[in-house]
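> what shape does this take:
(one chain, ligands or ions: 1)
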Amino acid sequence: MSNRGSFSGRLGFILAAAGSAVGLGNIWRFPYLAGQNGGAAFLLIYLICVFALCFPVMVGEIAIGRNAQTDAYGSYKKLGGGKWGYLGLFGILAGIFILSFYNVVAGWAFGYFLEISFGDLLNQTNYGQYFGNYVNDISDNFWFSLGFMVFTALIVSQGVQKGIEMANKIMMPALYIILLGLIVYSLTLPNAIEGVKFYLIPDLSEIKTQTIFDGLRQAFFSLSLGMGALITYGSYVSKNQNIVSSAAVISIADSSVAFLAGLMVFPMVAAINAYDVQGPSLVFVVLTEVFHNMGPIAGRIVGGSFFLLLCFAALTSTVSLLEVPAAYLVDQKKLPRKTVVWGLALLIFVLGLPSMLSQGMIPFLNKLSFYKERDFLSFVSDMCDISLTVGGGLMCIFIRNRWKIANMNNELAIGNPTYFGSLLKKYIDFAIMWLCPIILGILSILIIIDKFWGIEKIFG
Ligand code: PHE
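Numbers count the residues shown, from 1 in each chain. This next block holds a predicted model:
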């Protein structure tokens, strides 16, 4: 086992796990979900989900990984025996599918970065239309997204410390710096305060069933939970580390980036009065228009930095997504890391092609008849979201009924001698034993019903 690799220390692990968490989910998806769900009301629900439900699940995942010292499949199998390994496999598959569409969106971001910095993207007149045409035409996107997958594979093939940890140590601080710079700019725009109000003053009447569903699935996705990423990273953590406090830092780091991304985006939305721009195109449309308005040179610099930020965020996440199946094949099948990584990267890239083609290029993928006429990329992404909340709930049941909470607590007490007796322990016990399995179970079922049939008719 000693040649599996490990993080060099606490900082390396925290940065890598935070890097996995901070991604397109925070900067691209969080703002548009918040925009669709009433701004501040969504932020509130999201934060409750992160700290009340996701944090205990994160602690559980890391504990499983560190205790078992192997990949997601191997960990469940080792600690649970029997058929529990399938739960790990389910997560590994979810990770493969997430990466398949995630890499497509990352490819858009990479393309925007290149075309703003070096091309003529800032000379356009209608950015909504531009984005629509851009994602529809895959002749360039194919290469951008292939390029992105190659970057990911290059990093993961270098292994845990030299690849994953190193990349995160460079990209994560860069990401914070760029983000803070952009917020300062955004807040100086005319009307910025309107955007800030929309984002920060909650109107509780905006909380609908959909707000709760979206808040929960976004929290799981954003924290990279429910599919074994943190089991895998946890398996590279040394025994003297305090899992509970690391998980707290990771959760705070992740939600603070989501929070800051909103603080950057909504003043821009207000400045150009673009409240009608909704959905996945939000940052691609609104932000590019703001960059356009800045004039050619400033726009290139600021816009280029923003999309570079988005690429960094995405890359630290794609790395973790690829590591999950890679660790499985390395640990279980004893295959060489490099072969595994490049083979998986190719396979997953190909799996992403239907998502890429579903943005207009192939009509039937663009409007799935069995999925409320939505596109294939949204379908895969929604199914993956569901698998995360289901996976998280099942992980709690695994700890509760199979591995046993006492074993988890013993693991958590390593590196954290005062854990027994702490208030946090009481809460985490309660959450893993009762709160999470029940709430995740109920909400997952409701989300499935909603996705396929629409629940608003029942609950409003
Ligand atoms: N957390 C990442 C993001 O917010 C996505 C992700 C999900 C990464 C699951 C790994 C596992 O973009």
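
> measure how buried the residue nearest to Gly228 when sequence neighbours are not counted is and give me the count.
Residue nearest to Gly228 in three dimensions, not counting chain neighbours: Ala72, with 2.9 Å by Cβ to Cβ, 6 or more residues apart in numbering. Heads up, the C-betas are built off the backbone N, CA and C, glycines and all. Under the neighbour criterion other Cβ atoms under 10 Å, Ala72 is assigned a count of 33.

> read off the pLDDT value for Ala72.
Looking at Ala72, its pLDDT stands at 98.

> what does Gln359 give?
As predicted, Gln359 sits at a pLDDT of 96.

> tell me which residues of the helix or strand hosting Met166 come out buried.
Using DSSP states H and E, Met166 sits in helix 166-187. Neighbour-count burial for helix 166-187, counted by 16 or more other Cβ atoms under 10 Å, picks out 166-168, 171-172, 175-176, 178-179, 182-183, 185-186.

> do the same with stretch 392-411
Neighbour-count burial for stretch 392-411 flags 392-400, 403, 405, 408-409, 411 (criterion: 16+ other Cβ under 10 Å).

> would you format these as a markdown table with secondary structure and distance to the ligand included?
Below are those laid out as a markdown table (DSSP: H, G, I helix; E, B strand; the rest coil; distance: Cβ to the nearest ligand atom, whole Å):
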| residue | secondary structure | distance to the ligand |
| --- | --- | --- |
| Gly392 | helix | 11 |
| Gly393 | helix | 16 |
| Leu394 | helix | 16 |
| Met395 | helix | 14 |
| Cys396 | helix | 18 |
| Ile397 | helix | 20 |
| Phe398 | helix | 18 |
| Ile399 | helix | 20 |
| Arg400 | helix | 23 |
| Trp403 | helix | 22 |
| Ile405 | helix | 25 |
| Met408 | helix | 21 |
| Asn409 | helix | 26 |
| Glu411 | helix | 22 |
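
> if we can go back for a sec, name the nearest of the buried residues of helix 166-187 relative to the ligand.
Of all the buried residues of helix 166-187, Leu175 has the smallest distance to the ligand: 12.0 Å, by Cβ to the nearest ligand atom.

> quick check: that closest one touching Leu310?
No. The pair Leu175 and Leu310 does not pass the contact test of Cβ atoms under 8 Å, sitting 9.2 Å apart.

> thought Pro267 was touching Pro190?
No. Contact between Pro267 and Pro190 fails when scored by Cβ under 8 Å: they sit 9.4 Å apart.

> among those two, which residue is more densely surrounded?
Ranked by neighbour count (other Cβ under 10 Å), Pro267 and Pro190 place Pro267 first, with 25 against 10.

> just the strands in the stretch 51-200 of the chain please.
In the stretch 51-200 of the chain, no segments count as strands under DSSP state E, counting those that start in this stretch.

> can you give me the end-to-end span of stretch 288-305?
Start-to-end span of stretch 288-305 (Cα to Cα, to the nearest Å) is 12 Å.

> buried residues, it. List them.
Judged by neighbour count using 16+ other Cβ under 10 Å, the buried positions of stretch 288-305 are 288-292, 294, 299-300, 302-305.

> who in the stretch 101-250 of the chain is up against the ligand?
Residues of the stretch 101-250 of the chain lying close to the ligand (Cβ under 6 Å from any ligand atom) are 221-222, 224, 227, 229.

> before we move on, back to that, make a markdown table out of the buried residues of stretch 288-305 and add distance to the ligand.
Shown next, in a markdown table, are those (distance: Cβ to the nearest ligand atom, whole Å):
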| residue | distance to the ligand |
| --- | --- |
| Thr288 | 20 |
| Glu289 | 24 |
| Val290 | 23 |
| Phe291 | 22 |
| His292 | 26 |
| Met294 | 27 |
| Gly299 | 26 |
| Arg300 | 26 |
| Val302 | 22 |
| Gly303 | 21 |
| Gly304 | 21 |
| Ser305 | 19 |
